[in-house]
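[1] output the structure for:
(one chain, ligands or ions: 3)
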Amino acid sequence: MPTLVMKFGGTSVANLDRIARASKRVALEVANGYNVIVVVSAMSGKTNELVGWVNETSPLYDAREYDAVVSSGENVTAGLMALRLQEMDIPARSWQGWQVPVQTTSAHANARIEAIPTDNIEAKFADGMKVAVVAGFQGISPEGRITTLGRGGSDTTAVAFAAAFGAERCDIYTDVDGVYTTDPRITSKARKLDRIAFEEMLELASLGAKVLQTRSVELAMRYRVKLRVLSSFEEPSDQAGTLVCAEEDIMENNVVAGVAYSRDEAKMTLISVADRPGIAAAIFGPLADAGVNVDMIVQNISEEGRTDMTFSCPFDQVKRAQKAMEDAKASGSINFHDLVADEGVAKVSIVGIGMRSHAGVAAKMFATLRDEGINIKVITTSEIKVSVLIDRKYMELAVQALHDAFELEKAA
Ligand code: ADP
Ligand code: ASP
Ligand code: MG
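    Numbers count the residues shown, from 1 in each chain. Ligands and ions are numbered 1, 2, ... in the order given. Purely as a prediction, here's the structure:
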């Protein structure tokens, strides 16, 4: 029998009514002849609450215990969804990550899936089970401890299951009806895309568009999973949603496909570090060891052998970064005058495969921001994206202005 993966995000399982509604959609696919693997998130707001409790208890927490706590939200929704389906006379069973088992690395709070053996669930399907309801976002490490896959990780669970089971499709049900040219919450001019290329979706996701977790797109691209994003609130239709697919399967393209933003950024500057061979390694090695995800980096011109080094990292890793730098200073491996944290910044990015063959896109972005009086603090570029760090208070304005400047409300 063909297998389908259906993932329901937090808002789609936010309460018992929503779980019932999602279950009806699952029942439709069972009636269509599929064995269904449902992947569920925690009820919306739940994971944030759990993360808050961990931070309040232990600001520099042991990530193993963080995972023990924050993985629990998904267990509740998996059990409830299985019960709801059973009430509808559909043979269903819930599965926590360790039961499958979803084997991951030991990188707690940010683990990667290494393997998903299919035999346990296949055996149950062979036995007459119609729906396996899998708790998303979680797995088990080689040491036998519960891990989580990073925020938004249920998307990755879903795609990984679709790849492992050779599913016909992986449908991601969420609170928007597809992938838009930018977050529809920021501008009403955002336009839903019928299709988006894997590469573009990958960049948008990694630059902050949280509609899909970055790693889920990576996996879908690698294993050619047919990935669709659609709303759990609209009536079912074959045409619904956005298909994330290979570049060759898209006929027309705007030069810029979308605008992404991330408001959870911080800019940190080490003032007056010695400009000598090995200084970058001496700074960024300890930051990596402390689990700080450094993004943008700028090294200033040096004066009299000393320089300033600026980097950005997620807002909630500032304390970790500060501690890593203070420890490195105390051990004598680096020396700096001061460490200044600017916690009021945001990153805004434009993404598009068309940039490969069009000159002047970055210049147009900078001119647009200039016209709005927005100062750029740091810039990074790659073949298909340009990102800038700006004051957070201008973030929405910047997204709207760029969306207008590149005329994203119009289809190509
Ligand atoms: P879920 O709980 O279903 O996983 P998320 O909140 O993680 O849902 O992701 C959906 C949200 O992503 C939308 O409500 C929207 O605000 C946001 N989003 C950001 N960028 C985009 C985009 N380009 N297209 C669609 N949604 C986007
Ligand atoms: N519940 C987790 C989160 O909020 C995972 C997910 O929903 O994808 O990050
Ligand atoms: Mg999500």
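[2] who in this structure is up against ligand 2?
    Within the chain, the residues that sit near ligand 2 (CB under 6 Å from any ligand atom) are 9-10, 41-42, 47, 73, 136-137, 151-155. Where C-beta positions appear, they are placed from N, C-alpha and C, glycine not excepted.
[3] export the residues you listed to TSV and tack on neighbour count, distance to ligand 3 and pLDDT?
    Output for these, formatted as TSV (neighbours: other CB atoms under 10 Å; distance: CB to the ion, whole Å; pLDDT from 0 to 100):
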residue	neighbour count	distance to ligand 3	pLDDT
G9	27	5	98
G10	24	7	98
S41	29	7	98
A42	27	10	98
T47	24	10	98
G73	27	13	98
G136	31	9	98
F137	29	9	98
R151	16	8	96
G152	21	4	97
G153	29	8	98
S154	29	7	98
D155	31	6	98
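[4] just give me the closest of those residues to ligand 1.
    Using CB to the nearest ligand atom, G9 is the member of those that lies nearest ligand 1, at 1.7 Å.
[5] hmm, S154 and that closest one touching each other?
    Yes. With contacts counted by CB atoms under 8 Å, G9 reaches S154, the gap being 6.9 Å.
[6] give me the common contacts of these two.
    Taking CB atoms under 8 Å, 6 or more residues apart in numbering as the contact rule, G9 and S154 both touch S41.
[7] which residues does the residue nearest the centre of the chain contact?
    Nearest to the mean C-alpha position of the chain, by CA atoms, centre = their mean, lies Q213 at 2.7 Å. By CB under 8 Å, 6+ apart, Q213 lies in contact with 149-156, 205.
[8] equivalent analysis for V294, please.
    Taking CB under 8 Å, 6+ apart as the test, what V294 contacts is 284, 287-288, 311-313.
[9] between these, which has the most around it?
    S312 (24 neighbours; other CB atoms under 10 Å).
[10] and the gap between it and K393?
    The spacing between S312 and K393, counted by CB to CB, to the nearest Å, is 17 Å.
[11] which parts of the stretch 101-250 of the chain sit against ligand 3?
    G152 (CB under 5 Å from the ion).
[12] where does the stretch 101-250 of the chain get nearest to ligand 2, residue-wise?
    Closest point on the stretch 101-250 of the chain to ligand 2, by CB to the nearest ligand atom, is S154, at 3.2 Å.
[13] report the buried residues of stretch 223-241.
    By neighbour count on 16 or more other CB atoms under 10 Å, the buried set for stretch 223-241 is 225, 227-232, 241.
[14] can you put these in CSV and add secondary structure and pLDDT?
    Converted to CSV, those look like this (DSSP: H, G, I helix; E, B strand; the rest coil; pLDDT from 0 to 100):
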residue, secondary structure, pLDDT
V225, coil, 97
L227, strand, 97
R228, strand, 97
V229, strand, 97
L230, strand, 96
S231, strand, 94
S232, coil, 92
G241, coil, 95
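[15] among these, which one sits closest to ligand 3?
    Closest approach between the buried residues of stretch 223-241 and ligand 3, by CB to the ion: V229, at 10.3 Å.
[16] for beta bridges, what are the partners of that closest one?
    For V229, the beta-bridge partners under DSSP bridges are I172, T242.
[17] tell me the contacts of D171?
    Here D171 is in contact with 4-7, 228, 230, 241 (CB under 8 Å, 6+ apart).
[18] out of these, who's nearest A27?
    Distances from A27 to these, taken as CB to CB, are shortest for M6 (10.9 Å).
[19] pretty sure that closest one sits in a strand.
    Yes. The assignment for M6 is a strand, going by DSSP: H, G, I helix; E, B strand; the rest coil.
[20] doesn't V39 make contact with it?
    Yes. Using CB under 8 Å, M6 makes contact with V39 at a distance of 7.4 Å.
[21] joint contacts of the two?
    A158.
[22] ok, back up a step: how near is the closest residue to the residue of the stretch 101-250 of the chain closest to ligand 2 other than its chain neighbours to Q103?
    Nearest non-adjacent residue to S154, counting by CB to CB, 6 or more residues apart in numbering: G136, 2.7 Å away. Distance, G136 to Q103, by CB to CB: 15 Å.
[23] now swap in G139 and tell me
    Noted for G139: a distance of 6 Å to Q103, by CB to CB.
[24] which residues are common contacts for those two?
    Taking CB under 8 Å, 6+ apart as the criterion, G139 and Q103 both touch I113.
[25] who has more neighbours, these two?
    G139 (31 against 18).
[26] hmm, the more buried one is touching S106, no?
    No. Contact criterion CB under 8 Å: G139 and S106 do not qualify, at 10.4 Å.
[27] what sits in contact with each of the two?
    T147.
[28] strands paired with whichever helix or strand Y261 is part of, and their directions?
    Assigned by DSSP states H and E, Y261 belongs to strand 258-274. Strand 258-274 pairs in its sheet with strand 306-314 (antiparallel), strand 338-351 (antiparallel), by DSSP bridges.
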